[in-house]
Structure formats: C-alpha cells, structure tokens
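Engineer: here is my input; please provide its structure:
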Amino acid sequence: MVMDNKNTALLVIDMQNSFLHPDGTMSKLGFNCDKLRDAIPGTERLVDDARLKNIPIIFTQYVYPPDFKDGGWLVDGISPELREVKLCIKGSWDADNYETIYPRNNEAIIEKNRPSAFISTQLESILHSQSIQNIFVCGVTANMCVETTVRDACQRDFRVFVAKDAIAEVDDDRMKVALMAMEYFFAKMLDVDEVIELWGKNA
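Structural biologist: Alright, predicted model coming up:
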C-alpha cells in the first residue's frame, strides 16, 4: 500500500483512567474494564513507533464539566448514571490519560463530550492544517467512541485504518459488532504489526 507518512496521523481515542484503571468510573458503573485494558499494549506500541517516525499523534479525551450541562440527551435521558458517578470530569484524575499512554507537550489533545471526536471539536481543522489524509485509529471503546469517530472520519473522506488489536470493548459481542461494521464500510482493518510495517515502508 502506497502512502506518505507526512500525510499520516495516529488518533488515540479516550485512553483515560476512567476507562482503563480499576478505580475509574467505568468500573463503578459495573463495566468490565479488564477487557478494555486489552487495548493498552497495542496502543503503547503504536504511540512509541509513531514518535520514532515523527508521525503526528492526536489524543482525544472524553470530558464533562462538573455540572454536566453539556451532557445532552445522553446524560439527561439515556445514561443519567454518568452524572451520578461523575464520569470524566474535566481536570480530574478520572479524565486524565492513562499513565503509560500520556501525551507529550507537542502532541494535540482533543477534548470532546460526544462519542465522535469530530463533533464540536477542532479535530477536523487540525487534520486539514497538517494536510493529513491517512488516519490510523486505536483506543476505546470499540463500539462507541472508536466506531463513531471512524464512521465520521470516513464520511469526511479521510483514509481510515483501524488497528484491530489496539482497540477494545467491555464485552465480546460489542467488539464483534464494531469490527464487522467498521470493516464492512468505513475502514481498513490491520493489526499493530501490519501498521508498523506499513509505516516503515513509507518512512
């Protein structure tokens, strides 16, 4: 596959304490965060290799203000328990990135309050400002923020690649559905080794 690493970015979705740490709020909601931790090793490898090859890395963080006024229907109607457990309050330990997948000073952080990283954020303008055409995606959760962002990226005509062994879900059924949906119409699915090999060929 021919591409230019100069037009490539790695998008790291929501690798935050809330979702990955045993003491995070997702665990308090009863979700199996052990499964989400499956995304950590692959994401660590991709972040390390992107830095070595000077591929831009963009991190997303799911955040809410303490009053959850921007939570919308998701918080007000569908999942009010997010407010009750204080999920991903901006500036909190819960909302911060997981310790082994931490942005450096020159790496962009996109704060969002919806599953898609494109909704009401600067992500698209940042990508266009760097002439990014190829987006490689990793992170959590596969069936929610990863898949929603991948769909939106594809429909904006970015070339989207998902590192399938660097994403994870809270249960196997959701993971299966997410992989099938993204592969069917929205992204090329690769494993971490294939991504690193591809970046090496196009360095």
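
Engineer: quick one, strands of this structure?
Structural biologist: Ranges of strands in the chain, per DSSP state E, are 8-13, 57-62, 108-112, 134-140, 159-168, 188-190.

Engineer: TSV for those strands, including mean pLDDT, distance to residue 37 and mean neighbour count?
Structural biologist: Bear in mind the C-beta positions are built from the backbone N, C-alpha and C, glycine included. Converted to TSV, the strands of the chain look like this (pLDDT from 0 to 100; distance: least, Cβ to Cβ, whole Å; neighbours: other Cβ atoms under 10 Å):
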stretch	mean pLDDT	distance to residue 37	mean neighbour count
strand 8-13	98	15	26
strand 57-62	98	17	22
strand 108-112	98	21	17
strand 134-140	98	9	27
strand 159-168	98	7	24
strand 188-190	98	21	18
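
Engineer: quick one: those strands as a markdown table, columns for distance to residue 120 too.
Structural biologist: Listed next are the strands of the chain as a markdown table, based on distance: least, Cβ to Cβ, whole Å:
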| stretch | distance to residue 120 |
| --- | --- |
| strand 8-13 | 16 |
| strand 57-62 | 12 |
| strand 108-112 | 7 |
| strand 134-140 | 19 |
| strand 159-168 | 20 |
| strand 188-190 | 27 |
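
Engineer: residue 27 is nearest to which of these?
Structural biologist: Closest approach to residue 27 among those (Cβ to Cβ): strand 134-140, 13.1 Å.

Engineer: coming back round to it: which one of the strands of the chain lies closest to residue 80?
Structural biologist: Of all those, strand 57-62 sits nearest to residue 80, with 16.6 Å by Cβ to Cβ.
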